[in-house]
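1. After the sequence you'll find the predicted model.
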Amino acid sequence: MHKERKLTVVGAGPGDVELITLKAINALHNADVVLYDALIDSTLLQYAPHADHVFVGKRRGCYSYQQEQINELIVSQANRHGHVVRLKGGDPFVFGRGAEEMEYAAKHGLEVALVPGISSCLSVPATQNIPVTKRGSAESFWVITGTTREHKLSSDIRLAAKSSATVVILMGMSKLSQIVALFKQEEKSETPIAIIQNGTRADEKVGVGTIATIEVEVERKQLANPAIIIIGEVVRHRDRILEIQEKYTATELAY
């Protein structure tokens, strides 16, 4: 029987395996081939027991496949086997290149579909009790890539630093000094900032401070990629929740 040639781009969520969606699990179960990235927890592959599993991510700074090669692999695997699932961390349409892969596949005659994932830009701060909006603190939020494809700092960060919005920066750790400098130029040295490495995972690490102190905190805690940077008054909510819980616990113990 001739198998349908299809690409389904699937978001696996931010890292915690329990944050994958039911729709994503169903897509994996129906896959003939799964192409997965380095940030994917390999235990998720158990949902694709009948498929070939092919790693196409980056480890120790080395790419197993360049993007053009991944595009070609999607088409060749679909031609050979049928249904290819491209499994990506977070949401494939938030700095995930999912749109590029779907476009390439469609141009080569494949049926294409997308299963959204829980984006790390929202869920990683949330699991640390940091909302991206909060009444009285932030009416909006920016989500920005820290590093452009030319390996430069995104010019949008300069614009974001001028606003009162929450600023969430992905892939920005290598540009942290430049980011801090931009916010200092806007006289925001005391603005709260949090950096969360390996968000939602067992090896998660968190550093919290202000624009003025965060680089020292990063050095002290040895924070590095993959990490998310959150800047804005909403970061104070994390300590506020901890403070309320500690007071409640102390009151309970007193009784």
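-> Now that the structure is in, tell me what you want to look at.
2. Pull the number of nearby residues for Asp16.
-> The local packing of Asp16 (other Cβ atoms under 10 Å) involves 18 other residues. (C-beta placed from N, C-alpha, C; glycine too.)
3. what about the closest residue to it other than its chain neighbours, distance to Thr127?
-> Distance criterion Cβ to Cβ, 6 or more residues apart in numbering; nearest residue to Asp16, sequence neighbours excluded, is Thr200 at 3.9 Å. As defined by Cβ to Cβ, to the nearest Å, Thr200 lies at a distance of 5 Å from Thr127.
4. what mean pLDDT does the host helix or strand of Ala126 have?
-> According to DSSP states H and E, Ala126 maps onto helix 120-127. Averaging pLDDT along helix 120-127 gives 97.
5. Other residues contacting that helix?
-> With contact meaning Cβ atoms under 8 Å, 6 or more residues apart in numbering, helix 120-127 is reached by 13-16, 19, 89-90, 94, 131-132, 143, 168, 170, 194, 196, 199-200, 228, 230, 234.
6. which secondary structure elements does the following helix or strand past it contact?
-> Following helix 120-127 in sequence order, the next helix or strand is strand 141-145 (DSSP H and E). Counting contacts by 3 or more Cβ pairs under 8 Å, 6 or more residues apart in numbering; DSSP states H and E, strand 141-145 packs against helix 156-161, strand 166-170.
7. what does the lengthiest helix in the chain rub up against?
-> For the chain, the longest helix by residue count, based on DSSP state H, is helix 236-254. Defining contact as Cβ under 8 Å, 6+ apart, one finds that helix 236-254 is touched by 128-131, 134, 137, 192, 194, 208.
8. One more pass at 10 Å, please.
-> With Cβ atoms under 10 Å, 6 or more residues apart in numbering as the test, helix 236-254 has contacts from 125, 128-131, 134, 137-138, 192, 194, 206, 208, 230.
9. Ala105 sits in which helix or strand?
-> helix 98-107.
10. swap that for His53, sorry
-> Using DSSP H and E, His53 sits within strand 52-55.
11. Now that strand: buried residues?
-> Neighbour counts over strand 52-55 (16 or more other Cβ atoms under 10 Å) mark Phe55 as buried.
12. which strands and helices sit next to it?
-> Counting contacts by 3 or more Cβ pairs under 10 Å, 6 or more residues apart in numbering; DSSP states H and E, strand 52-55 is packed against strand 33-36, helix 67-81, strand 83-88.
13. now, of these, which is deepest in the fold?
-> Most buried of the helices and strands packed on strand 52-55 by mean neighbour count (mean count of other Cβ atoms under 10 Å) is strand 83-88; its value is a mean of 27.
14. Identify the neighbouring strands of that strand in the sheet and state each direction.
-> strand 6-11 (parallel), strand 33-36 (parallel) (DSSP bridges).
15. Test my guess that Glu72 contacts Tyr104.
-> Yes: counting by Cβ atoms under 10 Å, Glu72 touches Tyr104, with 8.3 Å between them.
16. Could you measure from Pro116 over to Lys88?
-> Applying Cβ to Cβ to Pro116 and Lys88 gives a distance of 11 Å.
17. Which neighbours do the two have in common?
-> Both Pro116 and Lys88 are in contact with 9-11, 13, 94, 98, where contact means Cβ under 10 Å, 6+ apart.
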